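Enquirer: Got a predicted model here, sequence first, then my questions.
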Amino acid sequence: MAFPPENQNQNENPNPSPIPSPTLKKKRGPRWSDIWLKHTKSKPLSPMVVAMQLHSLPSHKDKSDNINNPLISNFSIIDRTLLLTDELLLRILAKLPDSQRNSNSLVCKRWLNLQGRLVRSIRILDWNFLLSGRLIHRFPNLNHVDLVPGSLISPKSSCILIGNRVLSMHIDSGSSPNWCFCEENMLPVEVIDNGLSALASGCPNLRRVQVVGASEMGLLSVAEECPTLQELELQMCSDNVLRGIAACVNLQILKLVGNVDGFYSSVVSDIGLTILAQGCKRLVKLELSGCEGSFDGIKAIGKCCQMLEELTFCDHRMDDGWLAALSYCENLKTLKFQSCKRIDQKPGLEEYLGSCPALERLHLQKCQLRDKKSIAAMFSVCRTAREIILQDCWGLDNSMFSLAVICRRVKLICLEGCSLLTTEGLESVIHLWKELQSLRVVSCKHIKDSEISPALATLFTTLKELKWSPDTKSLLPSRLVGISIGKKGGKFFKKT
């Protein structure tokens, strides 16, 4: 019996048949694990160990130290951003658009922390997030914080949302119609003050804060810890709370909300306005919403706040005769009235009203202009205005608008939603404004194209800016085609 040689494989066929070899498989590309093993000189580490060692790397090393680090040099092919310092990576992330903020924070824990350092503004929805210190740790460089949503306790399952221009909140379907929603669904004052204290100690560079229901002590902590605070919105404010605001010596923009029908009720009177005027002498913009007061309170603001340039009244509850105090605001440039049911029912004699010498703009929005004596006093105080804007004001007819002729220096007039004003009433006033340069008429249904006189058409040609859209069917006569506003719909042109 013959045995095969020792060096011959027993499974080898000495006479292979001419069977064709199977088709060769395509060569696969290198996998991540192959690259890992190729660039690792030592025994491969488990993913948990690698993650722990990468996390333990110092974050404030310079580029030369990172290159000499063997761990980073071995794994730099995995995350090359480890070669960058935190400061350099922050500069890169800051250049990216805000739409990529959420996706960037999901890359790794380091990017999550760095992205949090870039956040400057935030709205608090959970008060525990603030009290626990997680807010300060997660976003250490905040300068604008809105605390109003987190101060309200809203039912999570409710789909009923009520609100106005000041705030909005969810309510339960079983709520009473006479219920003051915020007062019954607001965190205790002590809790809100603790949150303000924690925020002030953790974010000393705050510049803007919005809060509701705070007390004097809570605002004092912000005033002491945040010397750079420049803008403050305080809702549900009262005279006692204003003692804390007066300590904000660098405050420039302030919004006070005293009373909001159906939400909460609080009182800001002359006492609070006087405290405010003596403490915040650097105010540039002041908005009083739902606040009470009289001549004395506005006079104190005018005499103490010499830098005040913009004053806004929203749904005010001022006593009669307060309008004359505006003459003490010597540097006031903009005066606004929003949602006011009245201006001043008993303004007094015209010779005692005075005027605002530096006033440039008068803006009325959604106000009731039905009292002729009150409107005449308002235009008399604002006789130096160069811009007059009237939007959606009720009661503004030809007789009311004719009182504006006392404002002889008007260069811009904007009329929007003034449904009672006619073409004749408009023309009778603007012909007396010799310095008029801009005219905007929008959604004033009683101003008709067919009633445009030749004199008014000539006036249109002298304007630098004209926006003419009194209604959606407006079609100017063919005689105005030569001034490029003879098309259907809105017309707008500027002279260069």
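Expert: Sure thing, it's come through. Numbers count the residues shown, from 1 in each chain.
Enquirer: what's downstream of the helix or strand residue 460 falls within, the next helix or strand?
Expert: Secondary structure assignment for residue 460, by DSSP states H and E: helix 454-462. Per DSSP H and E, helix 454-462 leads on to strand 465-469 as the next helix or strand towards the C-terminus.
Enquirer: Go through that following strand and flag the buried ones.
Expert: For strand 465-469, the neighbour count (16 or more other C-beta atoms under 10 Å) marks 466, 467, 468, 469 as buried. Just so you know, the C-beta spots here come from the backbone N, C-alpha and C atoms, and that holds for glycine as well.
Enquirer: quick one: that strand to helix 454-462, angle?
Expert: Using axes from the mean of the first three to the mean of the last three C-alpha atoms, to 10 degrees, one finds that strand 465-469 and helix 454-462 are set 130 degrees apart in direction.
Enquirer: Provide the secondary structure category for the closest residue to residue 223 other than its chain neighbours.
Expert: Excluding the flanking residues, the one nearest residue 223 by C-beta to C-beta, 6 or more residues apart in numbering is residue 247, at 3.7 Å. At residue 247, secondary structure determined by DSSP: H, G, I helix; E, B strand; the rest coil is coil.
Enquirer: ok, residue 308 to residue 330 distance?
Expert: Between residue 308 and residue 330 the distance, using C-beta to C-beta, to the nearest Å, works out to 9 Å.
Enquirer: what's the overlap in contacts for these two?
Expert: In terms of C-beta atoms under 8 Å, 6 or more residues apart in numbering, residue 308 and residue 330 are both contacted by the residues residue 302.
Enquirer: higher neighbour count, the two?
Expert: More crowded of residue 308 and residue 330, by other C-beta atoms under 10 Å: residue 308, with 23 against 12.
Enquirer: ok, back up a step: I'd like the buried residues of strand 465-469 as TSV, with distance to residue 240 and pLDDT appended.
Expert: As requested, the buried residues of strand 465-469 are arranged in TSV below (distance: C-beta to C-beta, whole Å; pLDDT from 0 to 100):
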residue	distance to residue 240	pLDDT
466	52	92
467	48	92
468	52	91
469	49	90
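Enquirer: tell me which of the residues you listed is nearest to residue 196?
Expert: Out of these, the one with the shortest distance to residue 196 is residue 467. That distance is 45.5 Å, counting by C-beta to C-beta.
Enquirer: So what sits opposite that closest one in the bridge?
Expert: Residues found in beta-bridge contact with residue 467 (criterion: DSSP bridges) are residue 440, residue 492.
Enquirer: Repeat that for residue 255.
Expert: Applying DSSP bridges, one finds that residue 255 bridges with residue 233, residue 287.
Enquirer: Check whether it really touches residue 291, as I assumed.
Expert: No: contact between residue 255 and residue 291 fails when scored by C-beta atoms under 8 Å: they sit 10.6 Å apart.
Enquirer: Looking at these two, which has the bigger crowd around it?
Expert: The residue with more neighbours, out of residue 255 and residue 291 and counting by other C-beta under 10 Å, is residue 291; that gives 24 against 19.
Enquirer: show me what contacts the more buried one?
Expert: 256, 258, 259, 268, 273, 316, 317, 318.
Enquirer: Same question for residue 241.
Expert: Taking C-beta under 8 Å, 6+ apart as the contact definition, residue 241 lies against 214, 215, 216, 219, 234, 272.
Enquirer: and the last one, what element?
Expert: Right, the one you point to is residue 272. Secondary structure assignment for residue 272, by DSSP H and E: helix 270-279.
Enquirer: now that helix: mean pLDDT?
Expert: Per-residue pLDDT values over helix 270-279 give a mean of 93.
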